[in-house]
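K.L.:
The sequence and its predicted three-dimensional model are supplied below.
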Amino acid sequence: MSIDYVVKSAEKIKNMEVRGAGRIAKFCAKVLMEYAMEIKKNFDEEMKKAAEILLNTRPTAVSLYNSIYYVMDYSGESDEEKRESLVKRAKEFIEWVDTAQKEIGRIGSRRIKSGSTILTHCNSASALSVIKEAYRKGKDIEVFATESRPRYQGHLTAKELSAEGIPVTLIVDSAVRYFIREIDYVIVGADAITVNGSLVNKIGTSQIALIAKEARVPFMVAAETYKFSPKTLLGESIVIEERDPAEVAPEELRSLVKIRNPAFDITPRHYIDLIITEIGAIPPEMAYLVIKERLGYRLLGEDELKLSVHHYD
Ligand SMILES: O=P(O)(O)OC[C@H]1O[C@H](OP(=O)(O)O)[C@H](O)[C@@H]1O
């Protein structure tokens, strides 16, 4: 296996063949582990090269950064010891993703009353874990899924939930206010949570939050603790990914007008009622503590791996 394998894997993340904040984090841990098992010499340099390639794929999902930093925080003297330590850390991270999503389902589903209608946006494994678990517990629920232009991840959500037997209504993104009176809860996922408790999630999320607040519908976020951004504790802001205009309009229009295609937006914390994490349901104000207690080792240790990030190319 050569570095080409890492480059090809990074390409899958960029073109969204592998997508969803949790899924890409888990995928990166797996690719780093597989690459580490094949390296014959110059372990540190080779791993650093691989980590940088993966890091420079999608700038917003902080889970990617947290996954890479977690795995790359290996120790050992010889290459063999380093490899063993890295593989162990990668397996730990993968396990973290799997158990966190299940736990979020367990904790979040308690909040859902039978007979309710839930609105979700995009396609979040964590948000759907809450919904599916509520349904499995026998609660009578139904779901409104937004189509989530321009990539239509809402179609994935609709298929996934209806395969479970949950009744789903698919709506266009701009119909949320029209239907809000029929909704009891909004549940979305997260690409990042900042130190002040703001949510970075699929474009359109902040409009939904605004509508929910106006209608007094609880707005909940399902986010594993590796979605919290340690860098924001040091004052850095989250980079919002702008994707190819070709996702939005055909060439005949692109040649006439400018097109902007931000993939994410920011929902301030006062629109968020609750963040459901694997360590409990918390108010957004507690984001600071989660970052300090759970992810602080990334900031304080001498493990600043000095990987270069060029997200603007
Ligand atoms: O980790 P989970 O909960 O699956 O997904 C979290 C978020 O990742 C997705 O991003 P994209 O579709 O990869 O751009 C959506 O914004 C979704 O809410």
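P.N.:
Cool, the structure landed.
K.L.:
what ranges do the helices span in the chain?
P.N.:
3-14, 21-38, 43-55, 62-72, 79-109, 125-136, 153-163, 176-179, 205-214, 251-254, 287-295, 297-300 (DSSP state H).
K.L.:
a markdown table please, covering these and showing distance to the ligand and mean neighbour count.
P.N.:
To be clear about C-beta, it is placed using only N, CA and C from the backbone, and glycine gets the same treatment. As requested, these are arranged in a markdown table below (distance: least, CB to the nearest ligand atom, whole Å; neighbours: other CB atoms under 10 Å):
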| stretch | distance to the ligand | mean neighbour count |
| --- | --- | --- |
| helix 3-14 | 9 | 15 |
| helix 21-38 | 3 | 22 |
| helix 43-55 | 15 | 19 |
| helix 62-72 | 7 | 25 |
| helix 79-109 | 7 | 18 |
| helix 125-136 | 3 | 24 |
| helix 153-163 | 5 | 18 |
| helix 176-179 | 15 | 16 |
| helix 205-214 | 8 | 20 |
| helix 251-254 | 21 | 10 |
| helix 287-295 | 16 | 18 |
| helix 297-300 | 19 | 14 |
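K.L.:
Format those helices as a markdown table; extra columns: mean pLDDT and distance to N261.
P.N.:
As requested, the helices of the chain are exported to a markdown table (pLDDT from 0 to 100; distance: least, CB to CB, whole Å):
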| stretch | mean pLDDT | distance to N261 |
| --- | --- | --- |
| helix 3-14 | 96 | 14 |
| helix 21-38 | 96 | 18 |
| helix 43-55 | 95 | 22 |
| helix 62-72 | 93 | 20 |
| helix 79-109 | 96 | 28 |
| helix 125-136 | 98 | 23 |
| helix 153-163 | 98 | 14 |
| helix 176-179 | 98 | 20 |
| helix 205-214 | 98 | 16 |
| helix 251-254 | 97 | 11 |
| helix 287-295 | 88 | 28 |
| helix 297-300 | 51 | 31 |
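K.L.:
for these, which one sits closest to T267?
P.N.:
T267 lies closest to helix 205-214 among the helices of the chain, at 4.4 Å (CB to CB).
K.L.:
what's the closest of the helices of the chain to A192?
P.N.:
Counting by CB to CB, A192 lies closest to helix 62-72 out of these; the figure is 4.1 Å.
K.L.:
what would the helices of the chain look like in CSV with distance to G280?
P.N.:
Formatted as CSV, the helices of the chain follow (distance: least, CB to CB, whole Å):
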stretch, distance to G280
helix 3-14, 30
helix 21-38, 18
helix 43-55, 30
helix 62-72, 19
helix 79-109, 7
helix 125-136, 14
helix 153-163, 25
helix 176-179, 28
helix 205-214, 22
helix 251-254, 46
helix 287-295, 10
helix 297-300, 20
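K.L.:
And P167, how far from L64?
P.N.:
34 Å (CB to CB, to the nearest Å).
K.L.:
Likewise for M33?
P.N.:
From M33 to L64 the distance is 15 Å (CB to CB).
K.L.:
how deep is the closest residue to K82 other than its chain neighbours tucked in, by neighbour count?
P.N.:
Once flanking residues are discounted, K82 sits nearest to G76: 4.0 Å by CB to CB, 6 or more residues apart in numbering. G76 has 13 neighbours, counted by other CB atoms under 10 Å.
K.L.:
Who are the contact partners of the nearest residue to I276 once chain neighbours are set aside?
P.N.:
Once flanking residues are discounted, I276 sits nearest to G108: 4.1 Å by CB to CB, 6+ apart. Neighbour list for G108: S129, V130, E133, A134, I187, M220, A222, I276, A281 [criterion: CB atoms under 8 Å, 6 or more residues apart in numbering].
K.L.:
so who does the last one touch?
P.N.:
Listed by CB under 8 Å, 6+ apart, the contact set of A281 reads I107, G108, R111, L274, I275.
K.L.:
try it again with 10 Å
P.N.:
Contacts for A281 (CB atoms under 10 Å, 6 or more residues apart in numbering) come out as I104, I107, G108, R110, R111, M220, A222, D273, L274, I275.
K.L.:
what's the answer for the second one, then?
P.N.:
If you count contacts by CB under 10 Å, 6+ apart, V130 has them with 101, 104-112, 118, 120, 124, 185, 187, 189, 220, 222, 276.
K.L.:
Repeat that for I193.
P.N.:
Counted by CB under 10 Å, 6+ apart, I193 has contacts 62, 199-201, 221, 223-225, 227-229, 232, 238, 269, 272, 275, 277, 284, 287, 290-291.
K.L.:
quick one: it from I118, how far?
P.N.:
20 Å.
K.L.:
Likewise for Y69?
P.N.:
33 Å.
K.L.:
repeat for T194
P.N.:
Taken as CB to CB, the span from T194 to I118 is 25 Å.
K.L.:
hmm, what's the outermost residue in this structure?
P.N.:
Outermost residue of the chain with respect to the C-alpha centroid, by CA atoms, centre = their mean, is S78; its distance is 34.6 Å.
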